[in-house]
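Asks: Quick one: sequence plus predicted model below, questions after.
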Amino acid sequence: MLNNINSSHGKCQVSITTSDEADQIIYLLKDVAHWLKENDVDQWGFLAEGGDDEEIKQAIQNQETFSVKRGGEIVATYTLYKEQTAWDRHLWGDLKDEAIYLHRLALIRPEIGSGLGKGLMQWIENYTKGEGIHTLRLDCVENNIKLNSFYMHNGFEKQGTNHAFSLYQKDL
């Protein structure tokens, strides 16, 4: 699977993450988690401490994690689950409908504001529809104003909050 996404910094390619890229993905995610913590955003603290490493590696092994590269360098990542994780059930309840759950969307800091995030959201929507699924869900901490705004500007509707997390859904 190879797809192109444009940003103001140039063209990027999306592909399923390989096990050889696991350390790079974990590094990127932890870098973002530490940056969030330094900026008083209480999101991904558990990840920053290494708490999600095995789940991340499992998602890579299951081919649920995607790498976004420019010039061979990973500039973004995200994971798409076709079934609820334990975290999703904790926040959303045990839903039996078909949906794809977006987790761990992260861009390297120079890409923020480049249009890459918007391009990724469009790619994820097309992927979701291509899988025959018409509902995309995600969560983020309620007090991360910029991220909440990003999702709303990309057509997601807030479904409520649970445990200080905003729950977003987009029907495609």
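Replies: Everything's here; your move. Numbering: from 1, shown residues only.

Asks: Need the residue closest to the centroid of the protein.
Replies: Note on the chain: the residue nearest the mean C-alpha position is residue 105, at 2.3 Å, using C-alpha atoms, centre = their mean.

Asks: Can you give me the distance of the nearest residue to it once chain neighbours are set aside to residue 161?
Replies: Of all residues not flanking residue 105 in the chain, residue 78 sits nearest, at 4.2 Å (C-beta to C-beta, 6 or more residues apart in numbering). C-beta here means a position set from N, CA and C on the backbone, and glycine is covered the same way. With distances taken as C-beta to C-beta, to the nearest Å, residue 78 is found 22 Å from residue 161.

Asks: And the two? Which one has more around it.
Replies: Counted by other C-beta atoms under 10 Å, residue 78 and residue 161 do not tie: residue 78 has more neighbours, with 23 against 13.

Asks: you'd agree that one is in a strand?
Replies: Yes - counting by DSSP: H, G, I helix; E, B strand; the rest coil, residue 78 is part of a strand.

Asks: For it, list each beta-bridge partner.
Replies: residue 66 (DSSP bridges).

Asks: need the contact list for it.
Replies: 65-66, 68, 102-106, 120, 124 (C-beta atoms under 8 Å, 6 or more residues apart in numbering).

Asks: Kindly provide the distance from it to residue 28.
Replies: Residue 78 is 11 Å from residue 28, by C-beta to C-beta.

Asks: can you list residues touching both of the two?
Replies: With C-beta under 8 Å, 6+ apart, residue 78 and residue 28 have common neighbours residue 106.

Asks: Tell me the helices and strands packed up against the worst-scoring helix or strand of the chain on mean pLDDT.
Replies: One helix or strand of the chain scores below all others by mean pLDDT, DSSP states H and E: helix 45-48, with a mean of 72. Contacts defined by 3 or more C-beta pairs under 8 Å, 6 or more residues apart in numbering; DSSP states H and E place helix 45-48 against helix 22-38.

Asks: Need the residues that contact the helix it packs on.
Replies: With C-beta under 8 Å, 6+ apart, helix 22-38 has contacts from 17, 42-45, 47-48, 50, 52-53, 56-57, 60, 65, 67, 74, 76-77, 104, 106-109, 144.

Asks: Can you tell me how far residue 146 is from residue 80?
Replies: 22 Å.

Asks: of those two, who's got more company?
Replies: Just comparing residue 146 and residue 80: by other C-beta under 10 Å the higher neighbour count belongs to residue 80, 22 against 10.
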